[in-house]
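S.K.: Following is a predicted model, sequence given first.
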Amino acid sequence: MVAFSGSNVTQVSAKDADFGENARLTYKIERASYNKFQINSDTGVILVTQPLDFDKQNTYSLQVIAVDNGWPALTGSAAVLVTVVDKNNHPPRFVPISQHAQATETAKLNSVIHTLTAVDRDALPGSLRYSLVEPITAVDRDGRDVKTNTMFKVIEIIRLKV
Ligand SMILES: [Ca+2]
Ligand SMILES: [Ca+2]
């Protein structure tokens, strides 16, 4: 999950068996990792204050306390474990993005000429699917674009010669 600043995560509440000011509670985060969360001191609503990224860290442990307004003030505490839910927020990437493969002109049909690997921080290894994007373009040995029709003509000429 990528949660944006201000998103509600959860709400904690505490009970106080006293009355009046002795039961009026203020909520605080006593201990948290990375300062990514804030608690509304009156309501106990916990907010995300910085973006979360499952692929970097997928759980956060918070220690929250409720303090009453009595004298002396008394506190109660609770642990809140925040689990980040993954979203597909990273595109697949080829490394490097430009690659070179060689194939001999006598390469047999279906022989392997190159293996590409892409990485995606959301995906499990081996779970990506690959496909060629049409049109596939070609250049001749002088660097000129080869049109499909031209290619057919060349093949026809060779056949005629044979
Ligand atoms: Ca992805
Ligand atoms: Ca993700």
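M.R.: Right, received. Where do you want to start? Ligands and ions are numbered 1, 2, ... in the order given.
S.K.: got the residues of this structure near ligand 2?
M.R.: Taking CB under 5 Å from the ion as the contact definition, the chain meets ligand 2 at 54, 55, 86, 89, 122. For every residue, glycine as well, the C-beta is placed using N, CA and C.
S.K.: Spatially nearest residue to residue 14, not counting backbone neighbours?
M.R.: Leaving aside its sequence neighbours, residue 14 sits nearest to residue 66 (CB to CB, 6 or more residues apart in numbering; 3.5 Å).
S.K.: Name the helix or strand for the one you found, please.
M.R.: Per DSSP states H and E: residue 66 is located in strand 59-68.
S.K.: can you map out the helices along this protein?
M.R.: For the chain, applying DSSP state H gives helices covering 148-161.
S.K.: Measure how buried the closest residue to ligand 1 within it is and give me the count.
M.R.: Here the chain gets closest to ligand 1 at one residue, residue 122, 3.6 Å apart by CB to the ion. Using other CB atoms under 10 Å, the number of residues around residue 122 comes to 14.
S.K.: Likewise for residue 142?
M.R.: Residue 142 has 5 nearby residues by other CB under 10 Å.
S.K.: the domain parsing of this protein - what is it?
M.R.: The record assigns the chain these domain ranges, following automatic domain parsing: 2-83, 88-162.
S.K.: what's the average pLDDT for the first one?
M.R.: Averaged across domain 2-83, pLDDT comes to 87.
S.K.: What of the shortest one?
M.R.: What domain 88-162 shows for mean pLDDT is 81.
S.K.: How about the contacts made by residue 109?
M.R.: If you count contacts by CB atoms under 8 Å, 6 or more residues apart in numbering, residue 109 has none.
S.K.: Check the spacing between it and residue 142 real quick.
M.R.: Relative to residue 142, residue 109 is positioned 27 Å away (CB to CB, to the nearest Å).
S.K.: Could you do residue 41 as well?
M.R.: From residue 41 over to residue 142 the distance is 74 Å, taken as CB to CB.
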